[in-house]
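Chemist: attaching a predicted model along with its sequence, questions to come.
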Amino acid sequence: MSPPPPTVVKDAKASLIKGALWSLGMRWSIKMIGLLSTFIMARFLAPQDYGVVALAFLIVGLVDAFLNAGCNQALVRIGNPNHDQINSAWTLRAIQGVLMAIALIALAPLSAQYFHEPRVQNVLWIVAAGMAFMGFSNIGMALAYRDLQFGVEYRSAVTTKLTAALVTLATALYFGDYGAVGGGILAGYVCEFILSYRLHPYRPRWCTSRIPEIWAISKWLLTAGIGNFVLRRTDQIVAGRVGTTREYGLFTVGADIGQIPTGELGPTLTRPLFPILASMQGDLERAKSATLRTLSTVNAVTIPLGFGLAAVSQEATLVLLGAQWVEAAPFVAGFTMIGVVQYLTGPLTTLLNVVGHVKVQSKIIWLEFVAFVLLAVALTPEYKLIGLIVARLISGLLHAFMVIFASSRHLHLPMRSALLTYLRPLAGSVAMYFMLTSFIVSSIAPIELAIKVVLGGIFYVAWILITWMLAGKPDGIET
């Protein structure tokens, strides 16, 4: 069986919108299932139960960063891979899965000692089994992504998440502790494996002949991934050591809730951009134009959502999680702003990746990490976990400026054009934030939250439309 030919992108704007809609539907379906599960589970489990699982997944993320070479992404970069290239990517990924499982098993007892939490070991054993299993899942899902078949990915991801959530809820009624989450994790791995072969016709075979070629592409992705993990998760590793399991549970759940607007919409809107830009590698000007339009759209949506959630973080925490989680509200607000900063330059990063400036990305990530460490050392002794959040915010802003500068220098992308995409959304979002935090309508949290969400939405939409008309109706999300 021959691998399917790549999809030729004729209308990048239409393809991007279609892909973004599929990606949006997938991520928000998954997030809604996850949030519903979390809201229910928060009534059964205590913050320390979530803390146990979150601590375990710090170690999972560490192992994934150092051993996951990004074979799927490397395959997309090739453009039109042959059988040997596809099978070699699958073989390399299978080897990775086994190595990751072995690493997790070896690190399990050490992790329990580091975090002073013996239950972490049990979760890591469960995930290790799933990692080994998933290494042999169908590489055809990467081909579906390459060919912009986002419907296939949607069915797989949503079905997997729904299965995991239902198993988690069922086991929560029986265990009543962190074991429920472990059961859901394992069920998700099994479901995703089965669906990968049911939803795509390609059948991989063991092949090692083209692994060096795959590795030549993926090694820089691995380097960037390591830097990205060290940067994005160092604060959580420190928090897991500094705080109690309860405090870390509040910190982690606050991060999950706080990063919903940007963490879901940012990647959703930019994910279809990668295969589309990959098809434009011979036309850099067209690729830059598509990137700037996407950058404008992402900023117009994620920045106000981030500032809006920060403004109502107290009310949102009470409504979504209950009174026992109210201490998570400052973390919700802090991580909301971290999410805004983190995705300010997502489309530019994608373009740098596609064009081949992965080394530049790696340098930027490591420079951001150095800045974060210095800031964390200065702030954490006095401000504890809040100090970590402030350090992330400042170093994230530095990252954004470096990406814009790199895009201007290496891609000759006008820096002024990139900076202008932030002006109207940022000004409107800041004004909305101060408006929402300046008054209290009701002492009943759900009513207060509903009124502020409506007022904030009306204010921002009015702002963005009026300023768009005053700016001469430039091409963007308003159009």
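Modeler: Looks like it arrived, so ask away.
Chemist: where exactly do the helices run in the stretch 251-400 of the chain?
Modeler: Ranges of helices within the stretch 251-400 of the chain are 260-270, 273-278, 284-311, 313-321, 329-342, 346-355, 358-411, based on DSSP state H, counting those that start in this stretch.
Chemist: and those: which comes nearest Ala65?
Modeler: helix 358-411 (11.3 Å; CB to CB). The C-beta positions use only the backbone N, C-alpha and C, and glycine is treated the same way.
Chemist: average pLDDT across stretch 167-179?
Modeler: Stretch 167-179 shows a mean pLDDT of 73.
Chemist: picking up where we left off before, any chance of the helices of the stretch 251-400 of the chain in a markdown table, plus mean neighbour count?
Modeler: Formatted as a markdown table, the helices of the stretch 251-400 of the chain follow (neighbours: other CB atoms under 10 Å):
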| stretch | mean neighbour count |
| --- | --- |
| helix 260-270 | 23 |
| helix 273-278 | 23 |
| helix 284-311 | 23 |
| helix 313-321 | 21 |
| helix 329-342 | 24 |
| helix 346-355 | 24 |
| helix 358-411 | 18 |
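Chemist: what would these look like in a markdown table with distance to Pro118?
Modeler: What follows is the helices of the stretch 251-400 of the chain, written out as a markdown table (distance: least, CB to CB, whole Å):
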| stretch | distance to Pro118 |
| --- | --- |
| helix 260-270 | 31 |
| helix 273-278 | 41 |
| helix 284-311 | 35 |
| helix 313-321 | 26 |
| helix 329-342 | 25 |
| helix 346-355 | 39 |
| helix 358-411 | 23 |
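Chemist: to Leu250, which of those lies closest?
Modeler: helix 329-342 (6.3 Å).
Chemist: list the helices and strands the closest one packs on?
Modeler: If contacts are counted by 3 or more CB pairs under 8 Å, 6 or more residues apart in numbering; DSSP states H and E, helix 329-342 sits against helix 245-258, helix 260-270, helix 284-311, helix 313-321, helix 358-411.
Chemist: which elements pack onto the fourth one?
Modeler: The one in question is helix 313-321. Checking 3+ CB pairs under 8 Å, 6+ apart, helix 313-321 ends up next to helix 12-41, helix 245-258, helix 329-342, helix 445-470.
Chemist: reformat those helices as a markdown table; add mean pLDDT and distance to Ile303.
Modeler: Formatted as a markdown table, those follow (pLDDT from 0 to 100; distance: least, CB to CB, whole Å):
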| stretch | mean pLDDT | distance to Ile303 |
| --- | --- | --- |
| helix 12-41 | 66 | 17 |
| helix 245-258 | 80 | 14 |
| helix 329-342 | 92 | 6 |
| helix 445-470 | 94 | 9 |
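Chemist: circling back to that earlier point, for Ser443, which of the helices of the stretch 251-400 of the chain is the nearest?
Modeler: helix 313-321 (10.7 Å).
Chemist: pLDDT of the closest one, averaged?
Modeler: For helix 313-321, the mean confidence score works out to 89.
Chemist: output that helix in PDB with nothing but the alpha carbons.
Modeler: Extracted in PDB, the C-alpha atoms of helix 313-321 (Å, rounded to 0.1, in the frame of the first residue of the first chain):
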ATOM      1  CA  SER A 313     -10.600  34.600  39.100                       C
ATOM      2  CA  GLN A 314     -12.100  34.700  42.600                       C
ATOM      3  CA  GLU A 315     -15.700  34.300  41.400                       C
ATOM      4  CA  ALA A 316     -14.700  31.700  38.800                       C
ATOM      5  CA  THR A 317     -12.800  29.600  41.400                       C
ATOM      6  CA  LEU A 318     -15.800  29.600  43.800                       C
ATOM      7  CA  VAL A 319     -18.300  28.600  41.000                       C
ATOM      8  CA  LEU A 320     -16.200  26.000  39.200                       C
ATOM      9  CA  LEU A 321     -14.400  24.300  42.100                       C
END
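Chemist: now that helix, how far from the chain's geometric center?
Modeler: 22 Å (CA atoms, centre = their mean, to the nearest Å).
Chemist: ok, stretch 296-306 next?
Modeler: For stretch 296-306, the distance to the chain centre is 16 Å (CA atoms, centre = their mean).
Chemist: same check, this time on stretch 74-86
Modeler: With CA atoms, centre = their mean, you get 25 Å for stretch 74-86.
Chemist: per-residue confidence for Pro3?
Modeler: So Pro3 comes in at 53 (pLDDT).
Chemist: pretty sure Asp84 contacts Trp206?
Modeler: No - using CB atoms under 8 Å, Asp84 is not in contact with Trp206; the gap is 11.3 Å.
Chemist: more neighbours: which of these two?
Modeler: Asp84 (15 against 9; other CB atoms under 10 Å).
Chemist: the residue nearest to that one when sequence neighbours are not counted: neighbouring residues, count only.
Modeler: Nearest residue to Asp84, sequence neighbours excluded (CB to CB, 6 or more residues apart in numbering): Arg210, at 4.7 Å. Neighbours of Arg210 under the rule other CB under 10 Å: 20.
Chemist: for Asn138, identify the helix or strand it belongs to.
Modeler: Per DSSP states H and E: Asn138 is located in neither a helix nor a strand.
Chemist: and for Val181?
Modeler: helix 179-198.
Chemist: give me the buried positions along that helix.
Modeler: For helix 179-198, a neighbour-count test (16 or more other CB atoms under 10 Å) marks 179-197 as buried.
Chemist: how about stretch 109-129?
Modeler: Neighbour-count burial for stretch 109-129 [16+ other CB under 10 Å]: 111-112, 114-115, 117, 119-121, 123-124, 126-129.
Chemist: and those residues, which two are furthest apart?
Modeler: Tyr114 and Ala129 (21.8 Å).
Chemist: what is the mean pLDDT for stretch 86-100?
Modeler: 90.
Chemist: then it to PDB, C-alphas only?
Modeler: This file holds the C-alpha atoms of stretch 86-100, laid out as PDB (Å, rounded to 0.1, in the frame of the first residue of the first chain):
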ATOM      1  CA  ILE A  86       7.100   6.400   7.500                       C
ATOM      2  CA  ASN A  87       8.000   3.000   8.900                       C
ATOM      3  CA  SER A  88      11.300   4.200  10.300                       C
ATOM      4  CA  ALA A  89       9.500   7.100  12.100                       C
ATOM      5  CA  TRP A  90       7.100   4.500  13.600                       C
ATOM      6  CA  THR A  91      10.000   2.300  14.600                       C
ATOM      7  CA  LEU A  92      11.900   5.100  16.300                       C
ATOM      8  CA  ARG A  93       8.800   6.200  18.100                       C
ATOM      9  CA  ALA A  94       8.200   2.600  19.300                       C
ATOM     10  CA  ILE A  95      11.700   2.400  20.700                       C
ATOM     11  CA  GLN A  96      11.200   5.700  22.400                       C
ATOM     12  CA  GLY A  97       8.000   4.400  24.000                       C
ATOM     13  CA  VAL A  98       9.800   1.500  25.600                       C
ATOM     14  CA  LEU A  99      12.700   3.600  26.700                       C
ATOM     15  CA  MET A 100      10.300   6.100  28.300                       C
END
